[in-house]
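**Student:** Structure for the following, please:
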Amino acid sequence: MTDVTARIQGVETPATLIELEKLEANLKSMQRLADTNGVALRPHAKTHKSIEIGARQIALGACGLTVATIDEAIVFAREGKVGSITISRPIVSQQKFERLFAELRIVEVDLRIVVDSDRGIAAVSAAADKVGRQVGLFIKVDVGLHRCGVDPHSSQALELARQIERAPHLEFRGLLSHAGQAYAVTTRAEAGEIAEQERLTMLQVRDQLVSGGIAVAEISVGSTPTVLAATSFEGVIEIRPGNYVFFDLLPAKVGVASEADASLSVLATVIGKNDEYFITDAGSKTLTSDTGGHGMVGAQGFGVAYPTDRYLSADHRMLVAGLSEEHGKLTRGDFDLEIGSTVRIIPNHSCPVVNLARELLILDETGLQSWPIDAACSSR
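**Tutor:** Numbering: from 1, shown residues only. Next up, the predicted model:
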């Protein structure tokens, strides 16, 4: 029996496990990368949704946090006492901004809002005018994901920046991007090419704005694969990776991390078996049915599993081949598992796994402790 196996004996499954030593190594490694390259690190907290992990990132040197939603911003600003927060998903609802400002009316926090449309600027401007609050705005640039962001080859960024500068309570801070299409490649070199194209595109948009008389104080780029694979950060002010805290099969398939780097795994129990599969108690309500982000290539199944006492043993690697709500199917190999034995699963995508969990069980050298998922299910 391994040391980890002994420490997790008796844990009720399914459970989301975090190896503290690996988590801390991942946090320190990314902060070191940022410091070495002279860029600010603003981690995306949607991955972990944890005040404790956010506090550790700030203590190591992060300049603030990135979040995806209004509710995440409220949790980290009010309860996590984070002094600077970027909401990276464009919001076009004045009502949402009014709720955000009301919730944080007595909280000292630098709010940084991302926009890519006239509607977004109008919504945040009207809400800020109502309460007399200064708000920093970033314009999102589409660098190839084709999800949100202005066309970098158009004049839209310049036009939006001018609108922001005319608004009494808005301050134009800079340009922001997310090259999530990097998750669809299969080599580190390809991810590095996407990172470089992202950087050059952002510099081109910056130069367009400067030529139009608009100063650009910050260029912020993000995604764990592109940050880890980048060969140059010249001109970049800030990076916003999120997945790096836990890792999963996505960055492993891209080639910027390994399964051994994953600090998160899901502990599950074998509750049945047949000629083809071992059946576990971790289904889609635990692992999610997410097969990977942004067109991830080569995604088979919903994760990989190992017997708990043979974790990361290549001879005992099993594919999570199928999920229903409360059941998972593991492909059988040349070994047997007893009903009642446990496995550890590395998911395709750790972010939604955390959002579905009730707690994080932290494995340290002494045993287990529980950390709350403070912003779980904060999707608004």
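**Student:** use CA for all of it now, contacts and neighbours both
**Tutor:** OK.
**Student:** Give the closest residue to the residue sitting furthest away from the middle of the chain in space, chain neighbours not counted.
**Tutor:** Among residues of the chain, the one most distant from the C-alpha centroid is residue 275; the distance is 37.6 Å, by C-alpha atoms, centre = their mean. Spatial nearest neighbour of residue 275, chain neighbours left out: residue 332 (7.8 Å); criterion: C-alpha to C-alpha, 6 or more residues apart in numbering.
**Student:** Let's test this: mean pLDDT of stretch 223-230, rounded?
**Tutor:** For stretch 223-230, the mean pLDDT works out to 97.
**Student:** Which parts of this structure are helices?
**Tutor:** Under the criterion DSSP state H, the chain contains helices at 3-7, 20-36, 51-60, 70-74, 94-103, 118-131, 156-166, 188-211, 224-229, 249-254, 284-287, 350-356.
**Student:** and those helices, which is most packed in?
**Tutor:** Stretch with highest mean neighbour count among the helices of the chain: helix 224-229 (a mean of 26; mean count of other C-alpha atoms under 10 Å).
**Student:** residues making contact with that one?
**Tutor:** 179, 182-183, 188-189, 191-192, 194-195, 239-244, 251, 254, 256 (C-alpha atoms under 8 Å, 6 or more residues apart in numbering).
**Student:** Stretch 9-27 now?
**Tutor:** Here stretch 9-27 makes contact (C-alpha under 8 Å, 6+ apart) with 57, 60, 244-246, 261-269, 281-282, 286, 353-354, 357, 359-364.
**Student:** returning to what we had before: and the residue nearest to residue 275, how far from residue 306?
**Tutor:** As judged by C-alpha to C-alpha, to the nearest Å, residue 332 and residue 306 stand 11 Å apart.
**Student:** again with residue 253
**Tutor:** Residue 253 is 18 Å from residue 306, by C-alpha to C-alpha.
**Student:** Need the CA coordinates for stretch 191-201. CSV is fine.
**Tutor:** Extracted in CSV, the C-alpha atoms of stretch 191-201 (Å, rounded to 0.1, in the frame of the first residue of the first chain):
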residue,chain,number,x,y,z
ALA,A,191,1.0,26.0,-29.2
GLY,A,192,4.1,28.2,-29.3
GLU,A,193,3.2,29.3,-32.8
ILE,A,194,-0.3,30.3,-31.7
ALA,A,195,1.2,32.2,-28.7
GLU,A,196,3.5,34.1,-31.0
GLN,A,197,0.7,34.9,-33.5
GLU,A,198,-1.4,36.1,-30.5
ARG,A,199,1.4,38.4,-29.3
LEU,A,200,2.0,39.9,-32.8
THR,A,201,-1.7,40.4,-33.4
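**Student:** which residues make contact with that stretch from outside it?
**Tutor:** So stretch 191-201 is contacted by 143, 152, 177, 179, 182-183, 185, 221, 225-227, 229-233, 235-236, 254 (C-alpha under 8 Å, 6+ apart).
**Student:** just how off-centre is it within its chain?
**Tutor:** Distance, stretch centre to chain centre, for stretch 191-201: 19 Å (C-alpha atoms, centre = their mean, to the nearest Å).
**Student:** Please apply the same query to stretch 365-379.
**Tutor:** The answer for stretch 365-379 is 16 Å, by C-alpha atoms, centre = their mean.
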